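Undergrad: Build me a structure from this.
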Amino acid sequence: MKNRLERAKEEIEKKGFEAILISQEVNVRYLSGFCASHSGSNLLITPERQYLLTDFRFLEQARRQAPQFILYQWKHPTERDVLELVREEGIRKMALEDSIPFSRYRKLKESLTQVELCPLRGFIEKFRQVKDQEELERIREAADINDKVFPQLLAMIEVGAREIDIANELEYVIKKMDAQGVGFETVIASGTRSSMPHAVATDKRICQGDMIKIDFGSVCQGYHSDMTRMATVGEPSEKLMEIYNIVLEAQLRALEEVRPGQECRKVDRVARAVIEEKGYGSSFGHGVGHGVGLEIHEAPRLSPTSNGLLEEGMVITIEPGIYLPGFGGVRIEDLVYVKKDGGEIISQTPKELYVL
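TA: Numbers count the residues shown, from 1 in each chain. Predicted structure coming up:
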């Protein structure tokens, strides 16, 4: 936490700001270690001091989790306290996260007439892209839970079982593994529903011959994992095997491109080219991957329009897919750690098509 805070302070000074106001919950946690959900807490950071603004309900927790911060208890409605503290500090030029609601920005602008307010895009998110060893360990723990529960998940899939029951049971099993819970709403998409990339579980029952797309993740101390595998109830059709093998080839080719300095869009392009060459280009409509950490979807993005480069220490997904309405869809997804000499696949579950 100390290193992250110092980096943020250095960047504030470099950009010529006297302070930055942090209000996004995930960024508050990243910089301070304080992790109370829906607390509405803020950080005010100057080159010399750092404040954590929260209310009475969270003071004890804040003292324990963020001892390096000066605690400032809300005494009034949120904005009034921020205004008072900014004035006390004599701040004249302050950065804000650009995700701040416009109504809040307008209120600050109207009240702090002597302060230059500068919304910044991706200020803390830029730091979060590269994981330190502690963050990497949390992600590995979450991925390990995925690997351990996957065989149990397969055992739940049988003709007549409802998708939603499988998803609920999976969440229970994940929590019993000492995870905080699932990282996002579990995708159990069977039959033709698998053509929808983010088709969450419903009350549809599994039928003989169904293909099933399984996309799930775990959370360990705030950090996420993400993995997608495919299964069928009974032997797969020839067409299913065709698109499965195309997606697998696209994923393997993209994995070969993962290394520091590589263009994010180049990784996407390599996977997309495989799918396009086989005539399914129009059936792959999302990017090939994204960063994973305190959020399940974070920078960097790996898509045709991405401008960034991969850096050592990033954790990303590689997840090409083919989606055919009325037939079904296939996606294969792994978590990948960007190392000096290439990409290390964190997910250990084999990428085979599981025939149940």
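
Undergrad: how about the strands in the stretch 1-150 of the chain?
TA: Taking DSSP state E, counting those that start in this stretch as the test, the strands found in the stretch 1-150 of the chain are 19-22, 42-45, 50-54, 70-73, 93-97, 116-120.

Undergrad: what sits up against the fifth one?
TA: Right, strand 93-97. 12, 15-24, 27, 86, 105, 108, 112, 115-120, 123-124 (C-beta atoms under 8 Å, 6 or more residues apart in numbering). C-beta coordinates here come from the backbone N, C-alpha and C atoms, glycine included.

Undergrad: what mean pLDDT would you report for that strand?
TA: Mean per-residue pLDDT for strand 93-97: 94.

Undergrad: before we move on, what about the fourth one?
TA: Averaged across strand 70-73, the pLDDT comes to 92.

Undergrad: Next, the angle from the worst-scoring helix or strand of the chain on mean pLDDT to strand 93-97.
TA: Ranked by mean pLDDT, DSSP states H and E, the weakest helix or strand in the chain is helix 78-89, scoring a mean of 83. Angle of helix 78-89 versus strand 93-97, following axes from the mean of the first three to the mean of the last three C-alpha atoms, to 10 degrees, is 150 degrees.

Undergrad: now the helices for the chain?
TA: Secondary structure of the chain, counting by DSSP state H: helices at 2-14, 25-32, 59-65, 78-89, 102-111, 123-128, 133-156, 163-176, 238-256, 264-277.

Undergrad: Can you list the low-confidence ranges for this structure?
TA: 76-78 (pLDDT under 70).

Undergrad: Could you chop it up by domain?
TA: Segmentation of the chain into domains, based on automatic domain parsing, reads 2-128, 133-355.

Undergrad: Determine which stretch of the ones you listed is the most buried.
TA: Across the domains of the chain, the average number of neighbours (mean count of other C-beta atoms under 10 Å) peaks for domain 133-355, which reaches a mean of 19.

Undergrad: mind listing the strands for the stretch 201-350 of the chain?
TA: 211-216, 218-220, 223-224, 227-232, 289-291, 298-302, 315-318, 321-324, 328-331, 334-339, 342-345.

Undergrad: Adding distance to residue 60, write those out as a markdown table.
TA: Output for the strands of the stretch 201-350 of the chain, formatted as a markdown table (distance: least, C-beta to C-beta, whole Å):
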| stretch | distance to residue 60 |
| --- | --- |
| strand 211-216 | 34 |
| strand 218-220 | 23 |
| strand 223-224 | 24 |
| strand 227-232 | 37 |
| strand 289-291 | 33 |
| strand 298-302 | 30 |
| strand 315-318 | 32 |
| strand 321-324 | 46 |
| strand 328-331 | 44 |
| strand 334-339 | 35 |
| strand 342-345 | 40 |
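
Undergrad: pretty sure residue 297 contacts residue 290?
TA: Yes. With contact defined as C-beta atoms under 8 Å, residue 297 counts as touching residue 290 (5.1 Å).

Undergrad: most remote residue from this protein's center?
TA: Residue farthest from the centre of the chain, counting by C-alpha atoms, centre = their mean, is residue 114 at 37.6 Å.

Undergrad: Report the separation between that residue and residue 92.
TA: 7 Å (C-beta to C-beta, to the nearest Å).

Undergrad: Any idea which residue is closest to the centre of the chain?
TA: The chain has residue 296 as the residue nearest its centroid, 1.9 Å off, counting by C-alpha atoms, centre = their mean.

Undergrad: Can you give me the separation between it and residue 269?
TA: 24 Å.

Undergrad: ok, now which ones touch residue 181?
TA: 171, 174-175, 218-219.

Undergrad: With distance to residue 309 as added columns, please give those in JSON lines.
TA: Converted to JSON lines, the contacts of residue 181 look like this (distance: C-beta to C-beta, whole Å):
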{"residue": "171", "distance to residue 309": "36"}
{"residue": "174", "distance to residue 309": "34"}
{"residue": "175", "distance to residue 309": "37"}
{"residue": "218", "distance to residue 309": "29"}
{"residue": "219", "distance to residue 309": "28"}
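
Undergrad: Quickly name whichever of the residues you listed is closest to residue 59.
TA: Of all the contacts of residue 181, residue 219 has the smallest distance to residue 59: 25.3 Å, by C-beta to C-beta.
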